[in-house]
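Peer 1: Sequence and predicted structure below; questions after.
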Amino acid sequence: MRPASESDVAGRLAALPGGEPRVVVSGNFAAPLELLRILEATLPRVRAFTLNIQGHWPRRDGFLTETPFVGPGVRGDPAMVYLPMRLSLVPRLFETSRPPDAVLLHTSMPRDGKLSLGIEVNILPAAVEQVIARGGLVVAQVNPHMPFTGGDALLDVDQVDLAFEVDAPLPSPGPRSADDLCAAIGDRVAAYASDGGTVQLGIGQIPDAAAESLSGRRGLGVWSEMVSDGLLDLDRAGALDPARPVSASFLFGSPELYAWADDNPRLIMRRTEVINDPARIAGQPAMLSVNTALQVDLFDQANASYVRSSIHSGFGGQPDFVAGALHSAGGHAIVALRSWHDRSGTSTIVPRLVDPATSFQHSVIVTEQGSAEVFGKSNVEQAQLLIDRAADPRARDMLRDAAGPTIA
């Protein structure tokens, strides 16, 4: 690894092979914005592969985005290519149909011959390995604000070709204040947790509320694709087992969370192939997987990916964690959501999805109305439970009519 100027980076990017090279870019809140600016200015055509990009992202002719999980930075971009795929399988793309020519990382400063990927590990180790095997380019935007995390976050400095130094605070998600409905859903979700069990919490107000409601549990472990500030709350409340490491693949939170993560031996960052492996998830004791959805139908199919038939996000890790939790001894795969969408005035429990399903056949569907324990029920019982215990009262007659004689 050698220090590089902007012109050094631009020169190496310009020398990438082909007329439309593929460049993997750190996603979520770890996007290397300065390297991204250089990439956009240097290559007239490029395929940029990323995950859940949050902030600024180039939108112009010739800048084609490939992603298995659509973030707000690329939502609605006509030059975006959505790749429907379980997150656990995404790294296979780099060795098969979508080999990368370069990787742009956002890392810590070097320490003892190592760099850390910090708050974003995910698919990046696999991308780096494939680029090195192909003789491609690895560039790190090194930043003193990036926490130094361990596990699969660590890279040898000789795995990186160029280091471009910046000094910029990391971005964070905006505040997400939970209302009374979220709090009620969180309380219902927490009832399925066991002392000594393991938790996975997704992104959003409802998982945050569930974390708050879990504060009374003891001896919890964390095996989660993402961790956010709810983890800090659980830690302060004494809910976590201090002897069990917190295992995650990316962080999605405040500067306080990033400070907690820096050089913290309790945090083990793991690559996607490990953290999202359903077999490893199933091996966690009493795995409680908590995810949300936009809609759930009477066949217990959840849509967390599409809004009005347009891609909004993607599979992410939801199907991986649902399958893993269902196979965990004492585990539960919960989908938690509000029963009514106020803006559109529609029920989130619907007769049948019209958009592709993200996951299906869970343990429990939880709303502020109640908990529909659907695991092991017949199709008739499942539909009845979803109508009677999860659906908003305003939608129940419609749902019964749509279900017809099946639940009569």
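Peer 2: Perfect, thanks for sending it. Residues are numbered from 1 along each chain as shown.

Peer 1: residues contacting residue 6?
Peer 2: Residue 6 makes contact with 38, 164, according to CB atoms under 8 Å, 6 or more residues apart in numbering. From N, CA and C alone the C-beta is placed, and that goes for glycine too.

Peer 1: rerun at 6 Å
Peer 2: residue 38 (CB atoms under 6 Å, 6 or more residues apart in numbering).

Peer 1: Repeat that for the one 10 residues further on.
Peer 2: Taking CB under 6 Å, 6+ apart as the contact definition, residue 16 lies against 101-102.

Peer 1: ok, now how distant is it from residue 3?
Peer 2: 21 Å (CB to CB, to the nearest Å).

Peer 1: what number of residues lie near the nearest residue to residue 95 once chain neighbours are set aside?
Peer 2: In this structure, residue 95 finds its nearest non-sequential neighbour in residue 130, 5.7 Å apart by CB to CB, 6 or more residues apart in numbering. Neighbour count of residue 130, defined by other CB atoms under 10 Å: 21.

Peer 1: Surely residue 130 and residue 92 touch.
Peer 2: No. Counting by CB atoms under 6 Å, residue 130 stays clear of residue 92, with 10.3 Å between them.

Peer 1: which residues in the stretch 1-150 of the chain form helices?
Peer 2: 6-14, 33-42, 91-95, 124-133 (DSSP state H, counting those that start in this stretch).

Peer 1: Could you give the average pLDDT over the first one?
Peer 2: Same thing as helix 6-14. On average, the pLDDT along helix 6-14 is 98.

Peer 1: And residue 212, how far from residue 312?
Peer 2: Distance from residue 212 to residue 312, by CB to CB: 26 Å.

Peer 1: swap in residue 252?
Peer 2: For residue 252, the distance to residue 312 - CB to CB - is 17 Å.

Peer 1: which one of those two has more residues nearby?
Peer 2: The neighbour comparison of residue 252 against residue 312 (other CB under 10 Å) goes to residue 252, with 21 against 17.

Peer 1: Give me the pLDDT for the residue nearest to residue 31 when sequence neighbours are not counted.
Peer 2: In space, and not counting its chain neighbours, residue 31 is closest to residue 53: 5.9 Å by CB to CB, 6+ apart. For residue 53, the model assigns a pLDDT of 95.

Peer 1: What lies in contact with stretch 106-114?
Peer 2: By CB under 6 Å, 6+ apart, stretch 106-114 touches 26, 30, 32, 115-118, 140-142, 144, 146, 148, 154, 157.

Peer 1: one more time with 7 Å
Peer 2: 26, 30-32, 115-118, 120, 140-144, 146-148, 154-157 (CB atoms under 7 Å, 6 or more residues apart in numbering).

Peer 1: what's the answer for stretch 41-53, then?
Peer 2: Stretch 41-53 has contacts (CB under 7 Å, 6+ apart) with 10, 13-14, 19-25, 27-28, 31, 39, 62-69, 71, 73-74, 98, 100, 122-123.

Peer 1: residue contacts, residue 360?
Peer 2: Neighbours of residue 360 in contact, by CB under 7 Å, 6+ apart: 300-302.

Peer 1: Relative to residue 57, which of these is nearest.
Peer 2: Using CB to CB, residue 302 is the member of these that sits closest to residue 57, with 27.3 Å.

Peer 1: Show me which helix or strand of this protein is least confident by mean pLDDT.
Peer 2: helix 205-213 (a mean of 89; mean pLDDT, DSSP states H and E).

Peer 1: From the chain's centroid, how far away is stretch 134-147?
Peer 2: Relative to its parent chain, stretch 134-147 has a centroid offset of 21 Å by CA atoms, centre = their mean, to the nearest Å.

Peer 1: buried sites along that stretch?
Peer 2: 136-143, 145-147 (16 or more other CB atoms under 10 Å).

Peer 1: contacts for that stretch?
Peer 2: Contacts for stretch 134-147 (CB under 7 Å, 6+ apart): 9, 12, 16, 32, 34-35, 99-110, 115, 118-119, 128, 131-132, 159-170, 258, 261-262.

Peer 1: List only buried entries from the residues you listed.
Peer 2: 9, 12, 16, 32, 34-35, 100-108, 110, 115, 118-119, 128, 131-132, 159-164, 170, 258, 261-262.

Peer 1: Name whatever forms a beta bridge with the residue lying closest to residue 362 once chain neighbours are set aside.
Peer 2: In this structure, residue 362 finds its nearest non-sequential neighbour in residue 333, 4.6 Å apart by CB to CB, 6+ apart. Applying DSSP bridges to residue 333 yields these beta-bridge partners: residue 289.

Peer 1: Adjacent strands (with direction) for the one helix or strand residue 372 maps to?
Peer 2: Assigning secondary structure by DSSP states H and E places residue 372 in strand 370-373. Applying DSSP bridges, strand 370-373 is found paired with strand 364-367 (antiparallel).

Peer 1: just to revisit the earlier point, of the contacts of stretch 134-147, which belong to strands?
Peer 2: 102-107, 115, 162-165 (DSSP state E).

Peer 1: Any chance of the residues you listed in TSV with pLDDT and distance to residue 392 as columns?
Peer 2: Output for these, formatted as TSV (pLDDT from 0 to 100; distance: CB to CB, whole Å):
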residue	pLDDT	distance to residue 392
102	98	49
103	98	46
104	98	45
105	98	45
106	98	43
107	98	47
115	98	50
162	98	55
163	98	54
164	98	52
165	98	53
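
Peer 1: Among the residues you listed, which one sits closest to residue 399?
Peer 2: residue 106 (46.3 Å).

Peer 1: hey, what's that closest one bridged with?
Peer 2: Beta-bridge partners, per DSSP bridges, of residue 106: residue 141.

Peer 1: Around residue 157, count how many other residues there are.
Peer 2: For residue 157, using other CB under 10 Å, the count is 16.

Peer 1: Where do the domain boundaries of the protein fall?
Peer 2: 2-165, 180-407 (automatic domain parsing).

Peer 1: Now flag whichever of the buried residues of stretch 134-147 is closest to residue 395.
Peer 2: Taking these together and measuring to residue 395 by CB to CB, the closest member is residue 147, at 44.9 Å.
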